[in-house]
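Chemist: Compute the structure for the input listed below.
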Amino acid sequence: MLHSLTTRWLGVGLAASLAVVTIALAATDRLALYINPESAWFAVGMAVIVLIGTVASFALPLGGEEDHGHDHGTRPADAAEHPAEPAHTPRRVATVMTATGGVLASGVVVTMLVAPPASLSAELAMSRDVGAAPLFAGTDVVTLAASGDTARFGVGEWAGVFASATDPDRFDGDPVTLTGFVTPGGDGDFALSRLVITHCVIDAQSASLPVTASTPPPGTGEWVSISGTVRADADGSLRIHAEQVTPIDEPQDPYEY
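Modeler: Numbers count the residues shown, from 1 in each chain. Sure, this is the predicted structure:
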């Protein structure tokens, strides 16, 4: 009975728990803390299908999933003369692996059920900031910026422009109003950062912009809204000269997409 209950939990139990968490996060507008909002409809749809399958699974008697539905036949007459090789070790290894996977999976599910959803930290963003051009920045971003169509640009788009612009003077003087969290900069400056995700938080990439302000830099991890101007340095690099830096609460949707 215990083995049957464990098997049922590792199957439909964990799947149903994850489905419930997914639907609850969507209902409370917090699913965007884990996946791109454009994919929310797919995640919720799959969660509903899983719950329907969970209800249907109760038609199968407990332990019925272990019934192979076929006859293994009788043992050959000469089996006594040629006994099968011991299978205890492989079975024990399989049992240990299943138990370990079950404990880890159960821990993840229980944590998601009891712990409040939280955004990725500034420390993680700094650890993923490799100083290279963001992978999500394409040539179309620079083209839009060159045409002056930057009204909807976030930190991610501007990071792409800063990293790949071949004519920095073209952007000198462009006004910007951006929101992000503070990460360390150089020479008394700070960086304005955001995490940009394509599908889910697993593929989150860090985007950062150097900021110069007349006031002391805010603390690392603090969310701020800045208004200022893009300036081209003598070496051709771009930075933001902030005229106003305003501390704010973390937005409900802390990522860019």
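Chemist: Could you use CA atoms for every contact and neighbour count after this?
Modeler: OK.
Chemist: ok, residue 148 to residue 195 distance?
Modeler: For residue 148, the distance to residue 195 under the criterion C-alpha to C-alpha, to the nearest Å works out to 24 Å.
Chemist: Comparing these two, which shows the higher neighbour count?
Modeler: Neighbour tally, residue 148 and residue 195, criterion other C-alpha atoms under 10 Å: the higher count belongs to residue 195, 28 against 12.
Chemist: Name the nearest residue to residue 54, ignoring sequence neighbours.
Modeler: Using C-alpha to C-alpha, 6 or more residues apart in numbering and skipping residues adjacent in sequence, the residue nearest residue 54 is residue 12, 5.8 Å away.
Chemist: what's the distance between the one you found and residue 31?
Modeler: When C-alpha to C-alpha is applied, the distance between residue 12 and residue 31 equals 22 Å.
Chemist: which of the two has more neighbours?
Modeler: For residue 12 against residue 31, the residue with the higher neighbour count under other C-alpha under 10 Å is residue 31, and the figures read 22 against 18.
Chemist: number of nearby residues for the residue nearest to the more buried one when sequence neighbours are not counted?
Modeler: The spatial neighbour of residue 31 that comes closest, neighbours along the chain excluded (C-alpha to C-alpha, 6+ apart), is residue 25 at 4.7 Å. A count of nearby residues for residue 25, using other C-alpha under 10 Å, gives 17.
Chemist: Assumed residue 25 was part of a helix.
Modeler: Yes. Residue assignment for residue 25, taken from DSSP: H, G, I helix; E, B strand; the rest coil, places it within a helix.
Chemist: What strand or helix carries residue 250?
Modeler: Secondary structure assignment for residue 250, by DSSP states H and E: no helix or strand.
Chemist: Please list all residues in contact with it.
Modeler: Applying C-alpha atoms under 8 Å, 6 or more residues apart in numbering to residue 250 gives the contacts residue 223.
Chemist: From residue 212, how far off is it?
Modeler: Remark: distance between residue 250 and residue 212 (C-alpha to C-alpha) = 22 Å.
Chemist: and if you look at residue 162?
Modeler: Residue 162 sits 15 Å away from residue 212, going by C-alpha to C-alpha.
Chemist: Same question for residue 239.
Modeler: When C-alpha to C-alpha is the yardstick, residue 239 and residue 212 sit 7 Å from each other.
Chemist: I figured residue 219 was touching residue 182, is that so?
Modeler: Yes. With contacts counted by C-alpha atoms under 8 Å, residue 219 reaches residue 182, the gap being 6.7 Å.
Chemist: neighbour-wise, which of these two wins?
Modeler: Neighbour comparison, residue 219 and residue 182: the larger count goes to residue 182, with 23 against 12 (by other C-alpha under 10 Å).
Chemist: Could you give the bridge partners of that one?
Modeler: residue 192 (DSSP bridges).
Chemist: please renumber so the chain begins at 58
Modeler: From this message on, residue numbering opens at 58, which makes the last subject residue 239.
Chemist: what residues are up against it?
Modeler: Contacts were defined as C-alpha under 8 Å, 6+ apart; by that measure residue 239 touches 179, 247-250, 275-281.
Chemist: next one: residue 88
Modeler: With C-alpha under 8 Å, 6+ apart as the criterion, the residues that contact residue 88 are 79, 82, 94, 97.
Chemist: any chance of the residues you listed in a markdown table, with pLDDT too?
Modeler: Converted to a markdown table, those look like this (pLDDT from 0 to 100):
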| residue | pLDDT |
| --- | --- |
| 79 | 83 |
| 82 | 82 |
| 94 | 80 |
| 97 | 84 |
